[in-house]
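[1] requesting a structural model of the entry that follows:
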Amino acid sequence: MTISSSGNSLTGPFTAELLRRSWLSEKTFELELMRPAAFQFRPGQRIRLLHKGVERDYSLLSRPDSPRLGLCVRHLPAGLFSPILAAAEVGTSFAFTGPHGYFIFHRSSRPPVFVATGTGVAPFLSMTRSGVAGFILLHGVQTAAELYYRPDFGAAASLYVPCLSHASPGSALPPGAYRGRVTDCLRDHLSPGAYDFYLCGRREMIRDVILLVDERFPGSLVYAEIFY
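    Down below sits the predicted model:
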């Protein structure tokens, strides 16, 4: 197994105006910013927002040719940056740098497996909107209300499996869903073989999947991006 981690490439700063905010669930919202004409990125990369001495990285949802930059933000009331974004008025300008990171799609002979937890699904949406298809996607969330962008992934993936870690025993699941964590689903249902694994989400998930890949999927490549 080979592991590739994201890195940084500093450009800017740029300035972008907030165009729209829409809530996807009680805890998560989407932002759209006007993309500066000079700003270019590759699907899977992220930007670093800067505001009054506070900074935070967010992966982009958009296609690189879109006039808008989409972000999927988990709202943490005690957080440093998400409350700012949750309260900002349309028209507010934000400075940002980027693009950052090397979490981009690499075509190969091995089947791609995308594994995300929560808003870690964001870079996979940018890849999907840019034409990447035929992948397996496991999206780990607590409840079905957090399955953002399911129609986009359902149309592009060869297999899309929502993994609901907090689903009540005996409760009805969405079609094709798995009751449990993404690591359990991989262990129980992914056929042996060599894959390209793309992992984005919590550090604990990435650690556990890497250990599982070492154990059960020799010859695989792993690309990882940690979401905080």
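[2] my guess is Leu212 contacts Cys185. True?
    No: between Leu212 and Cys185 there is no contact, the gap being 10.5 Å when judged by Cβ atoms under 8 Å. The way it works is simple: take the backbone N, C-alpha and C, and place the C-beta from them, glycine included.
[3] contacting residues for Cys200?
    With Cβ atoms under 8 Å, 6 or more residues apart in numbering as the criterion, the residues that contact Cys200 are 59, 103, 114-117, 120-124, 224-227.
[4] in this protein, which strand is the longest?
    strand 14-23 (DSSP state E).
[5] give the next helix or strand downstream of that one.
    Going down the chain from strand 14-23, the next helix or strand is strand 28-34, by DSSP states H and E.
[6] name every strand pairing with that following strand and say which way it goes.
    Its sheet considered, strand 28-34 pairs with strand 14-23 (antiparallel), strand 68-74 (antiparallel) by DSSP bridges.
[7] now mean pLDDT, mean neighbour count and distance to Arg150 too, for those strands, in CSV please.
    Putting those into CSV (pLDDT from 0 to 100; neighbours: other Cβ atoms under 10 Å; distance: least, Cβ to Cβ, whole Å) gives the following:
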stretch, mean pLDDT, mean neighbour count, distance to Arg150
strand 14-23, 96, 15, 16
strand 68-74, 96, 21, 13
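[8] now stretch 43-63: buried residues?
    Of the residues in stretch 43-63, those buried by neighbour count under the rule 16 or more other Cβ atoms under 10 Å are 43-51, 56-63.
[9] check stretch 174-185 too.
    For stretch 174-185, the neighbour count (16+ other Cβ under 10 Å) marks 177-179, 181-185 as buried.
[10] stretch 192-206 too?
    Counting neighbours by 16+ other Cβ under 10 Å, one finds that the buried residues in stretch 192-206 are 195-202, 205-206.
[11] now stretch 29-47, how far from the centre of its chain.
    When C-alpha coordinates are averaged (Cα atoms, centre = their mean, to the nearest Å), stretch 29-47 and its chain have centres 14 Å apart.
[12] hmm, I typed the wrong one, I wanted stretch 84-95.
    For stretch 84-95, the gap between its own C-alpha mean and the chain's C-alpha mean amounts to 22 Å (Cα atoms, centre = their mean).
[13] which residues touch it?
    Outside stretch 84-95, the residues touching it (Cβ under 8 Å, 6+ apart) are 12-21, 29, 31, 33, 49-51, 54, 71, 73, 75.
[14] just the terminal-to-terminal distance for that stretch.
    For stretch 84-95, the first and last residues are 13 Å from each other (Cα to Cα, to the nearest Å).
[15] let me see the mean pLDDT of that stretch.
    Here stretch 84-95 scores 95 as its mean pLDDT.
[16] alpha carbons of the top helix by length along the chain, as PDB, please.
    Longest helix in the chain by number of residues (criterion: DSSP state H): helix 203-216. In PDB, the C-alpha atoms belonging to helix 203-216 read as follows (Å, rounded to 0.1, in the frame of the first residue of the first chain):
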ATOM      1  CA  ARG A 203      -8.700  11.600  11.400                       C
ATOM      2  CA  GLU A 204     -10.000   8.500  13.200                       C
ATOM      3  CA  MET A 205     -11.800   7.200  10.100                       C
ATOM      4  CA  ILE A 206      -8.700   7.700   7.900                       C
ATOM      5  CA  ARG A 207      -6.500   5.900  10.500                       C
ATOM      6  CA  ASP A 208      -9.000   2.900  10.700                       C
ATOM      7  CA  VAL A 209      -9.400   2.600   6.900                       C
ATOM      8  CA  ILE A 210      -5.600   2.600   6.400                       C
ATOM      9  CA  LEU A 211      -5.200  -0.200   8.900                       C
ATOM     10  CA  LEU A 212      -8.000  -2.100   7.100                       C
ATOM     11  CA  VAL A 213      -6.400  -1.600   3.700                       C
ATOM     12  CA  ASP A 214      -3.100  -2.900   5.000                       C
ATOM     13  CA  GLU A 215      -4.900  -6.000   6.300                       C
ATOM     14  CA  ARG A 216      -7.300  -6.800   3.500                       C
END
